[in-house]
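1. requesting a structural model of the entry that follows:
(one chain, ligands or ions: 2)
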Amino acid sequence: MTETDAHGPDPWVQYFARRGHPRAQRLASGMEGTVYRLQDGMVAKVWAGRAPEDFGLTRRLYADIARHPLPFATPEILDAEEHDGVLVSYERELGGRPPRSDGDGRWPPRDLPRRETDALLTVLRALASVPGTEAMRRLVVQGDDRPLWQGHSRFPDALAALVERAADRNREALAAQVPGLADVVSRTAAAVRALPDRPVSVVHGDLVPPNIHLDETGRPVAVLDFGFCTTAGDPAFEAAVTAAVWDMYGPEAAHHTAELTRLFARELSHPEEVLTLYQKAYAVITYDLFGAGPHDGHFRWCAALLR
Ligand SMILES: Nc1ncnc2c1ncn2[C@@H]1O[C@H](COP(=O)(O)OP(=O)(O)O)[C@@H](O)[C@H]1O
Ligand SMILES: [Mg+2]
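-> Residues are numbered from 1 along each chain as shown. Ligands and ions are numbered 1, 2, ... in the order given. Just a heads-up that it's a prediction; the model follows:
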């Protein structure tokens, strides 16, 4: 009945059993928490890291997205409760499987399979069709201290201000790895601010392989795990970040980022220089989120992008 490991039975498996889910199984463990498959098409997420301060906002975000017909499923929160100060949310189980999971040691081949790039284009086009809403504007990008849009009426202004705030969070650590950082930051913020205003749509902000489920034919059937960097924004920002993060650490990562950037520029009509600018902005707003020094892989990745 209970899943056991070196540390004994998982107390959460026992918790879900007491709550009427005797076959709960741990599915995945990530930065934000642990996901359990219950049964009857339900999963539970135990929020270990950052529980969204205002979970009601997350529910509204998902409801806003669900109002638009998409060719894939998005998360649906069925219920939420607190146990010992920990947030537990219940969601509908989404179908399909991620093409790769964190730490499974599999890297995409140098030439990304066509069905993988087609799946990404489908996801990017569909998300770009979901208009930005008030709930999306009220979300806080991870690591920040206020809603991204607070005090701003244009996405470029909101993002540029975050670039400047985030650079100050751990400026010395980043400056040690990025020569001329002050210049890089001020040029990036100014260039973002100079972007024209465009209609905003939902930005997921973390379209990495574990967050997209594909069916056996490679079609995207679910996009999950909104929240890390979710907001209302320029669809070009989503495309830029996706090109950068789809393969961050594989042996062909730089090649994949360049190829995806070119592909998204061509197929989605985003100027390539805007995509590379947004990639720099992404590096400045996330460099210290997993560790603020060169011991951390994400930090090194961001620093390299900024050099
Ligand atoms: N509603 C769901 N249905 C099916 N699988 C899910 C669901 N939610 C999460 N998972 C699986 O668990 C993994 C981790 O969940 P996720 O919400 O992405 O959390 P994390 O913040 O840890 O990345 C996902 O990659 C996905 O495969
Ligand atoms: Mg995830």
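2. now do the end-to-end distance for stretch 218-230.
-> 25 Å (Cα to Cα, to the nearest Å).
3. got the residues of the chain near ligand 2?
-> P210, N211, D225 (Cβ under 5 Å from the ion). Quick note: C-beta positions are derived from backbone N, CA and C, even for glycine.
4. show me the shaky parts of the stretch 51-200 of the chain.
-> Scanning the stretch 51-200 of the chain for pLDDT under 70 picks out 51-52.
5. so what's the residue count around G180?
-> 11 (other Cβ atoms under 10 Å).
6. ok, and which of the residues of the chain next to ligand 2 reach ligand 1?
-> Counting by Cβ under 6 Å from any ligand atom, P210, N211, D225 from these sit close to ligand 1.
7. next up, the contacts around the residue nearest to the last one when sequence neighbours are not counted.
-> Using Cβ to Cβ, 6 or more residues apart in numbering and skipping residues adjacent in sequence, the residue nearest D225 is N211, 4.4 Å away. The contact partners of N211, by Cβ atoms under 8 Å, 6 or more residues apart in numbering, come to P98, H204, V223, L224, D225.
8. for ligand 2, what's its nearest residue on this protein.
-> The chain approaches ligand 2 most closely through D225 (3.6 Å), counting by Cβ to the ion.
9. count the neighbours of that residue for me.
-> D225 has 19 nearby residues by other Cβ under 10 Å.
10. H83 now?
-> By other Cβ under 10 Å, the residues close to H83 number 11.
11. mind checking what secondary structure the nearest residue to it once chain neighbours are set aside has?
-> Distances taken as Cβ to Cβ, 6+ apart put Y15 closest to H83, at 6.5 Å, once the chain neighbours are dropped. Using DSSP: H, G, I helix; E, B strand; the rest coil, the structure places Y15 in helix.
12. quick one, what contacts the residue in the chain that ligand 1 sits nearest to?
-> Proximity to ligand 1, evaluated over the chain using Cβ to the nearest ligand atom, is greatest for G30 at 1.9 Å. Counting by Cβ under 8 Å, 6+ apart, G30 touches D102, P210, D225.
13. sounds good, over and out.
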